[in-house]
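1. What shape does this take:
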Amino acid sequence: MASFKEEVSEHISAVYQTAADEIKNWVSALREVWPLVFLLILALAILIWFAKPAPPNKVLMATGTGGSYKVLGEKYKTYFEKKGIELELVETHGSKENLQHLIDRKDPIQAALVQGGMIAVDNLSGVESLGSVDYEPFWMFYRKNAFNESIHVSDRDIAKLKINIGPVGSGTRTQALGIFKLNGLKSDAPNLLSLGNAEGVSALERGEIDAVILVDGFD
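-> Numbers count the residues shown, from 1 in each chain. Below you'll find the predicted structure:
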């Protein structure tokens, strides 16, 4: 019996010694290669980050000073809040300015609402469209007593009126000037004003101007 116990004890001792030797060898090897292992893990982490970075928890989005862009921006803000993302809306003069924010790679604004037809392909490196979100007709309202069709022989006479075509940097102004140019009309006439949409509508209602051009949603 004593001989059996001694054999078991010796066997356990041998196993323990072997395991201890293996652990020492692994620890010794790890001491030698740990800088390499650390660098490999770091490189892998950087690769994963650049290949698929984590989405931000705060996004700056350019909208406008009023109209459908402001309304849509508020809807997006409410939606993203439910997802735990803070959407900060940045007021601008409109589509043209919004597009410039996106083109500038150093600009902190990451998203914007822009009118269709505003995009110049040669200036859009790194800018992507997520699709259409609304329809924005080109509207023109004028005071009836300022433009009488029985008196004015040509529709082009309406361009002589005191018209608000939107502020510099807005999509409304860009589209209006484009239409004027296509019809051979001057785009730098003193009768063309630069009020915002809401200001232009109010001025038209008060009779301070003759007409207003808007590019905005139906609502």
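2. quick one: the strands in the protein?
-> Taking DSSP state E, the strands of the chain run over residues 58-62, 86-90, 111-112, 138-142, 163-164, 192-193, 211-215.
3. Give the pairing partners of the fourth one; include direction for each.
-> Going back to what we said before, that points to strand 138-142. Using DSSP bridges, the strands paired with strand 138-142 in its sheet are strand 211-215 (antiparallel).
4. How about the first one?
-> In its sheet, strand 58-62 lies beside strand 86-90 (parallel), strand 111-112 (parallel), with partners assigned from DSSP bridges.
5. got the buried residues for the longest one?
-> What that stands for is strand 86-90. Of the residues in strand 86-90, those buried by neighbour count under the rule 16 or more other C-beta atoms under 10 Å are 87, 89, 90. Any C-beta I mention is one placed from the backbone N, CA and C, and that applies to glycine too.
6. how about JSON lines for the residues you listed, with distance to residue 178 and pLDDT added?
-> Converted to JSON lines, those look like this (distance: C-beta to C-beta, whole Å; pLDDT from 0 to 100):
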{"residue": "87", "distance to residue 178": "31", "pLDDT": "93"}
{"residue": "89", "distance to residue 178": "27", "pLDDT": "94"}
{"residue": "90", "distance to residue 178": "25", "pLDDT": "92"}
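7. top helix in this protein by residue count?
-> Scanning the chain for the helix with the most residues, using DSSP state H, yields helix 2-51.
8. what's the spacing between that helix and its chain's center?
-> Taking C-alpha atoms, centre = their mean, to the nearest Å, the mean C-alpha location of helix 2-51 is offset from the chain mean by 51 Å.
9. what about it, average pLDDT?
-> If you average the pLDDT over helix 2-51, you get 73.
10. sorry, back to before: buried deepest among the strands of the chain, which one?
-> Between those, the one whose residues have the most neighbours on average, counting mean count of other C-beta atoms under 10 Å, is strand 163-164 (a mean of 26).
11. Going by neighbour count, list what's buried in stretch 109-120.
-> When burial is assessed from 16+ other C-beta under 10 Å, stretch 109-120 yields the following buried residues: 109, 111, 112, 113, 114, 115.
12. wait, which of those is closest to residue 79?
-> Within the set of the buried residues of stretch 109-120, residue 111 lies nearest residue 79; the separation is 13.0 Å, counting by C-beta to C-beta.
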